[in-house]
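what follows is a protein structure lacking sequence information:
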Ligand SMILES: CC(=O)SCCNC(=O)CCNC(=O)[C@H](O)C(C)(C)COP(=O)(O)OP(=O)(O)OC[C@H]1O[C@@H](n2cnc3c(N)ncnc32)[C@H](O)[C@@H]1OP(=O)(O)O
Ligand SMILES: O=C([O-])CC(=O)C(=O)O
């Protein structure tokens, strides 16, 4: 038995949800370029869960359900109030999502109808939790969700406390479409492994959030912004990045396990970053990002991934840096839960093998003899 480091190139499951063959990302057969230009996040979530685009009545029903479930149990909000004020935002989200299960009477109901309903509940409640956490740590009361046409609008409203501008709603909605699913990425694989033991959907999403948190995966978008802030100016960009590359340090937001010729989502986020920067009148982050891309692609051949330009997009939307990865989680909840439903439909325990590299033949020595 020989191990493949990082399971690179291993095909671990079949799935009909999304595909990244030949550098083209599709959700249920629809090209991401088409969806990014035309679909709302709610249409995409429906597509991922149900395998087809919703008609008007189906979409209206989903929006109604998302509004119905968006409020989070008071006990969960009270618990968030007890978190230390400097809690890591992904740790807070992970803990709060896990505790949601305690208050859902159908948490352990494994019927397909209950599981789809729980997927919709999680999709509705995760934005509310993140916005509540963000306000509570500032000493403010959380804002209850209102009846909205979109998760993007409701989230910005609950986070910022004012009705968001249409341009901000559209930008966040498009970012959610772009992040919704991505074949067997690390967090989705994690979710599938968890529920393949026939554990519940809350356990699957809680595990997935833990995997998304890391800077080699979803945590990279926050790390990109930290890097931009550390660089500070366009003049400092070239020496800073050259220094990192000379030290063989990774540049966050570049490279990908599967895409070697570029991530098809990055161009959309780059365009959004430019357009939003023009509106805010601050092109600094965008110009620095372009310069970084020039250097990293020029010297290492590495292309920006989905996390790179999303950092400047979210900053233009006045979203605090440590909420970037939780926003990724809002979007990816649709993909995680679609994969969880698919796993349940045709389940088998996921249990690979390890190539043993330890010592053998040891004999027990009584403790006083060691
Ligand atoms: C939503 C997402 O999850 S997208 C990915 C988000 N993560 C990041 O942006 C973090 C930065 N990028 C990386 O760490 C990697 O490119 C990953 C984790 C995304 C993919 O990793 P892998 O396929 O395992 O590639 P691995 O880390 O082995 O890198 C291969 C080589 O390219 C180099 N490399 C890869 N990414 C980078 C980078 N961002 N900056 C500099 N060098 C890099 C590695 O140092 C390594 O070089 P070596 O062969 O000389 O040792
Ligand atoms: O697929 C991956 O390895 C990471 C990624 O781009 C994603 O999760 O969107």
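Here it is on my side, so go on. Just so we're clear, the structure is a prediction, and the values are computed from it rather than from any experiment. Ligands and ions are numbered 1, 2, ... in the order given.

from now on I want contacts and neighbour counts done on CA atoms only, so please keep to that.
Noted.

after the longest helix anywhere in the chain, which helix or strand is next?
In terms of residue count, the longest helix belonging to the chain (DSSP state H) is helix 112-136. Sequence-wise, the next helix or strand downstream of helix 112-136 (DSSP states H and E) is helix 151-160.

chain center to that next one: distance?
In terms of C-alpha atoms, centre = their mean, to the nearest Å, the centre of helix 151-160 is set 17 Å apart from its chain centre.

could you identify the helix or strand that succeeds that helix?
helix 166-179.

for ligand 1, see how far away the residue of the stretch 101-250 of the chain found nearest ligand 2 is.
Nearest to ligand 2, among the residues of the stretch 101-250 of the chain, is residue 185, at 3.9 Å (C-alpha to the nearest ligand atom). Distance, residue 185 to ligand 1, by C-alpha to the nearest ligand atom, to the nearest Å: 7 Å.

for residue 22, same thing?
Counting by C-alpha to the nearest ligand atom - residue 22 and ligand 1 are separated by 16 Å.

for that residue, helix, strand, or coil?
helix (DSSP: H, G, I helix; E, B strand; the rest coil).

before we move on, back to that, name the helices or strands packed onto the longest helix of the chain?
The helices and strands touching helix 112-136, judged by 3 or more C-alpha pairs under 8 Å, 6 or more residues apart in numbering; DSSP states H and E, are helix 56-69, helix 74-81, helix 89-100, helix 151-160, helix 201-212, helix 324-345.

so what's the closest residue to ligand 2 within the stretch 1-150 of the chain up against?
Nearest residue of the stretch 1-150 of the chain to ligand 2 (C-alpha to the nearest ligand atom) works out as residue 20 at 8.5 Å. Shown in contact with residue 20 (C-alpha atoms under 8 Å, 6 or more residues apart in numbering): 26, 182-183.

picking that back up, give me the number of residues near the residue of the stretch 101-250 of the chain closest to ligand 2?
15 (other C-alpha atoms under 10 Å).

please report how far it lies from residue 215.
14 Å (C-alpha to C-alpha, to the nearest Å).

around ligand 1, pick out the residues from this protein.
Within the chain, the positions lying close to ligand 1 (C-alpha under 6 Å from any ligand atom) are 215-218, 220, 249-257, 305-307.

if we check ligand 2, which of those are in contact?
residue 257.

what's the pLDDT at residue 85?
Residue 85 is assigned a predicted lDDT (pLDDT) of 88.

nearest spatial neighbour of it, chain-adjacent residues omitted?
Distance criterion C-alpha to C-alpha, 6 or more residues apart in numbering; nearest residue to residue 85, sequence neighbours excluded, is residue 137 at 5.1 Å.

what about the residue nearest to the spatial centre of the chain, distance to residue 147?
By C-alpha atoms, centre = their mean, the mean C-alpha position of the chain lies nearest to residue 328, the distance being 2.9 Å. Noted for residue 328: a distance of 23 Å to residue 147, by C-alpha to C-alpha.

list the buried ones in stretch 183-197?
Residues of stretch 183-197 classed as buried under the neighbour-count rule (16 or more other C-alpha atoms under 10 Å) are 183-184, 186-196.

got a list of contacts for that stretch?
Contacts of stretch 183-197 (C-alpha under 8 Å, 6+ apart): 15, 17-20, 201, 203-205, 207-212, 217, 335-336, 339-340, 343-344, 347-350.

which among these end up buried?
The buried subset of the contacts of stretch 183-197 - by 16+ other C-alpha under 10 Å - is 17-20, 201, 203-205, 207-212, 217, 335-336, 339-340, 343-344.

on that earlier part again, from the residues of the chain next to ligand 1, list the buried ones, please.
Judged by 16+ other C-alpha under 10 Å, buried ones among the residues of the chain next to ligand 1: 215-218, 220, 251-256, 305-307.

what about residue 10, how many neighbours?
Neighbour number of residue 10 under other C-alpha under 10 Å is 8.

before we move on, what about residue 246?
With other C-alpha under 10 Å as criterion, residue 246 counts 9.

from residue 310, how far out is it?
Residue 246 is 26 Å from residue 310, by C-alpha to C-alpha.

hang on, residue 42 packs against residue 150?
Yes: if you go by C-alpha atoms under 8 Å, residue 42 and residue 150 touch, sitting 7.0 Å apart.

give me the common contacts of these two.
residue 63.

which one's more surrounded, these two?
Between residue 42 and residue 150, residue 42 has the larger neighbour count (other C-alpha under 10 Å), namely 25 against 17.

ok, that one - contacts?
59, 62-63, 150-151.

nearest to residue 76, of those?
residue 151 (19.9 Å; C-alpha to C-alpha).

shouldn't that closest one be in contact with residue 126?
No: when contacts are counted by C-alpha under 8 Å, residue 151 is not listed as touching residue 126 (10.0 Å).

more neighbours: those two, which one.
Neighbour count, other C-alpha under 10 Å: between residue 151 and residue 126, residue 151 has more, with 29 against 26.

tell me who's in contact with the more buried one.
By C-alpha under 8 Å, 6+ apart, the contact list for residue 151 reads 41-42, 124, 127, 173.

from one end of stretch 213-232 to the other, what's the distance?
Start-to-end, stretch 213-232 (C-alpha to C-alpha) is 25 Å.

hmm, back to that, what angle sits between the longest helix of the chain and helix 324-345?
Computed by axes from the mean of the first three to the mean of the last three C-alpha atoms, to 10 degrees, the angle separating helix 112-136 from helix 324-345 equals 170 degrees.

flag every residue of the stretch 151-300 of the chain that's near ligand 2.
Residues of the stretch 151-300 of the chain lying near ligand 2 (C-alpha under 6 Å from any ligand atom): 182, 185, 257.
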